[in-house]
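Peer 1: prediction below, plus the sequence it came from.
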Amino acid sequence: MNVSSNDPKLLDTFTLLSVRYVRGFTLLELLISLTLMSLVSLGVYGALGFGANAIERGTSRSLENQRVRAALSLIVRKLKSAYPLMLLVDGERLVYFFGDEEELRFVASADRPEIGGLEKVSYFIKEEDGEYGLWMRISAPTLPADLAEEREGSLYLEAEVLSDVDELVWEYFGQRKNEDEEAWHESWNGEEEPKLPQAVRLSWRAQVSNLPNEWQIEVPIQVQDPVSELQRTPQNRRRSRSRR
């Protein structure tokens, strides 16, 4: 069948199809599309923001935990190197170890090879700008006269170990004089007990990444009793070797 291009019915059909093809969105459809796109964009933005905040909080908490672990490692190392140094003060023998619930002072082996010998270690609570923290003071070299007079050594270091501390308690395990069994005590005095405790426990509650956390560590003391002095001089040792 032949259809002429001048057929009016065919022209009307082409015209109708062209109008439907070029017709755009109505205002209502455009508003609905923009609203849906805005909701989707807000949802994506909120998810991305939540994920970024979660990553930031996780990173901050990880860094805080690493810092706390480093501080605990330092405290444990210092306590394990505690030395029962015997002093003679006013005719009385004592071991330099004094601790209560908030403060602790003792003598330990020096970590720095350029110093050697012993150093005085002190842990105490210090307030700065309304916030409390656990601080450590190291004084070296430590001489018996300096300890007896409560003087600090020529090399002096003071630094914060734990920050944002809400509560902190030191405890000491051992058997005191006139006691039948070992127990935990709130204090340990080297004048009354001329030896070191068997263990030291540190309990505290602190703010880590804006979340309250409770921590507790127990550190055994390797040497409790003062080491007895050498009975033989170097010459006596040489003589004993020559006899062999």
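Peer 2: Sure, I can see it.

Peer 1: so where do the strands sit in this structure?
Peer 2: Listed in chain order, the strands of the chain (DSSP state E) span 86-89, 92-95, 97-99, 104-109, 118-128, 131-140, 155-162, 165-174, 183-185, 188-189, 199-208, 211-220.

Peer 1: name the helices or strands packed onto the first one?
Peer 2: Helices and strands touching strand 86-89, by 3 or more Cβ pairs under 8 Å, 6 or more residues apart in numbering; DSSP states H and E, are strand 92-95, helix 144-148. All C-beta spots, glycine's among them, are computed from the backbone N, C-alpha and C.

Peer 1: residue nearest the centroid of this protein?
Peer 2: With distances taken as Cα atoms, centre = their mean, the residue of the chain nearest its centroid is Val68 (1.1 Å).

Peer 1: and that residue, how far from Leu143?
Peer 2: Separation of Val68 from Leu143 (Cβ to Cβ, to the nearest Å): 34 Å.

Peer 1: and the residue nearest to the centre of the chain, how far is that from Ile75?
Peer 2: Applying Cβ to Cβ to Val68 and Ile75 gives a distance of 11 Å.

Peer 1: burial count for Tyr96?
Peer 2: 23 (other Cβ atoms under 10 Å).

Peer 1: in this structure the residue nearest to the centre of the chain contacts Trp215, no?
Peer 2: Yes - counting by Cβ atoms under 8 Å, Val68 does reach Trp215; the two are 7.2 Å apart.

Peer 1: what residues are shared contacts of these two?
Peer 2: Listed as contacting both Val68 and Trp215 by Cβ atoms under 8 Å, 6 or more residues apart in numbering are Ala206.

Peer 1: right, and the strands of the chain - which one's nearest Leu79?
Peer 2: For Leu79, the closest of those is strand 211-220, at 4.3 Å, according to Cβ to Cβ.

Peer 1: partners of the closest one, with directions?
Peer 2: strand 199-208 (antiparallel) (DSSP bridges).

Peer 1: elements contacting the longest helix along the chain?
Peer 2: If you go by DSSP state H, the chain has its longest helix at helix 27-80. Here helix 27-80 touches strand 104-109, strand 131-140, strand 155-162, strand 199-208, strand 211-220, going by 3+ Cβ pairs under 8 Å, 6+ apart.

Peer 1: follow-up on the earlier one: and the helices and strands packed on strand 86-89: which comes nearest Ala82?
Peer 2: That would be strand 92-95 among the helices and strands packed on strand 86-89, by Cβ to Cβ, at 10.0 Å.

Peer 1: buried residues, that closest one. List them.
Peer 2: Neighbour-count burial for strand 92-95, counted by 16 or more other Cβ atoms under 10 Å, picks out 94-95.

Peer 1: show me the contact partners of that strand.
Peer 2: With Cβ under 8 Å, 6+ apart as the criterion, strand 92-95 contacts 84-87, 190-191, 193-196, 226.

Peer 1: can I get those residues in a markdown table with pLDDT?
Peer 2: Putting these into a markdown table (pLDDT from 0 to 100) gives the following:
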| residue | pLDDT |
| --- | --- |
| Pro84 | 90 |
| Leu85 | 88 |
| Met86 | 86 |
| Leu87 | 85 |
| Gly190 | 90 |
| Glu191 | 89 |
| Glu193 | 89 |
| Pro194 | 88 |
| Lys195 | 91 |
| Leu196 | 93 |
| Pro226 | 81 |
